[in-house]
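Chemist: this is a predicted model, with the sequence first.
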Amino acid sequence: MTVQRNTSALSDQVYDLAIIGGGILGAGIARDAALRGLSVALVEKGDFASGTSSASTKLIHGGLRYLEQFAFRLVAESCRERRLLLDTASHLVKPLPLLMPVYDGDPHSMLKLRLGNTLYDWMSFYRHPSMPRHRSVSASEARKLEPTLPSRGPDGGRLRGAIIVYDCQMDDARLCIETILDAEQHGAVCRNYCQATRMDMNDQRVESVHVVDQLSLEEFNLRAKVVINAAGPW
């Protein structure tokens with residue numbers, strides 16, 4: 001997806017912020033900075049969200065697993081962020097039911113999971129109206145819901161039942177692209193297929209980023225007061 005192909009705007013001024021990388025991290029920084037009134041330029045060597053941001057688990061989770069670590073503040077933060085995404089991007093983020101089977105001998109018994117999920121429901125101050133609370137089902141009900149579920153676990157334990165919990169699933173690539181588009185709507189200049197090849201230094205500070213347009217092979221310098229590397233593993 002190409003937002004615009006004109007790259008001359010990238011070399012016409014000194015930006016407050018230059019971002020290398022057009023995944024969800026770079027896109028989110030660009031949007032946030034543009035909303036704060038900063039002049040922003042973003043370059044991505046391939047297509048937006050072409051790397052990790054289109055190969056995620058696609059889960060927006062509320063942090064249930066962190067309860068075991070007593071990270072209650074993190075759970076509350078995760079639930080709040082999940083609700084924000086459900087409010088602002090409901091066309092991309094949807095509730096997802098998850099079945100947690102319990103077998104004899106499991107370290108997490110039905111009782112422990114019921115108590116943990118009850119606490120989780122109670123802590124979900126930011127629960128969205130579309131997010132149901134957890135519920136427990138019998139072994140026979142669990143098999144009806146998931147016919148391929150083994151009646152015995154890896155250690156031979158009998159299926160005791162299951163807990164149904166709800167998290168969210170999202171379209172990661174579309175979420176990234178829509179964030180890029182919104183950043184542009186608020187003044188950011190975002191260009192894909194523009195590869196940063198080197199950084200030019202002056203007095204131990206990055207003065208400019210040398211960029212090559214991968215389609216036209218045009219080369220130019222992107223100048224900014226601050227440069228952020230959001231290129232992920234690259």
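Modeler: Happy to help now that I have it.
Chemist: tell me what the helix of greatest length in the chain is packed against?
Modeler: When the chain is parsed with DSSP state H, its longest helix is helix 72-88. In this structure, helix 72-88 makes packing contacts with strand 59-60, strand 93-103, helix 110-123, strand 159-170, judged by 3 or more C-beta pairs under 8 Å, 6 or more residues apart in numbering; DSSP states H and E. The way it works is simple: take the backbone N, C-alpha and C, and place the C-beta from them, glycine included.
Chemist: now do the second one and helix 110-123, the angle between them.
Modeler: What that stands for is strand 93-103. Angle, strand 93-103 to helix 110-123, by axes from the mean of the first three to the mean of the last three C-alpha atoms, to 10 degrees: 160 degrees.
Chemist: where do the helices sit along the chain?
Modeler: Using DSSP H, helices in the chain cover 24-35, 72-88, 110-123, 139-145, 172-185.
Chemist: can you add mean pLDDT, mean neighbour count and distance to residue 74 and give the helices and strands packed on helix 72-88 back as TSV?
Modeler: Shown next, in TSV, are the helices and strands packed on helix 72-88 (pLDDT from 0 to 100; neighbours: other C-beta atoms under 10 Å; distance: least, C-beta to C-beta, whole Å):
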stretch	mean pLDDT	mean neighbour count	distance to residue 74
strand 59-60	90	20	15
strand 93-103	93	17	19
helix 110-123	87	15	11
strand 159-170	93	20	15
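Chemist: so which of these comes closest to residue 218?
Modeler: Taking C-beta to C-beta, strand 159-170 is the member of the helices and strands packed on helix 72-88 nearest to residue 218, at 35.4 Å.
Chemist: can you list the buried residues in the longest helix of the chain?
Modeler: 75-76, 78-79, 82-83, 85-86 (16 or more other C-beta atoms under 10 Å).
Chemist: where does this protein dip in pLDDT?
Modeler: Residues of the chain meeting the criterion pLDDT under 70: 1-6, 124-127.
Chemist: contacts for the longest helix of the chain next, please.
Modeler: 60-64, 66-67, 92-93, 120, 123-128, 130-131, 167-168, 170 (C-beta atoms under 8 Å, 6 or more residues apart in numbering).
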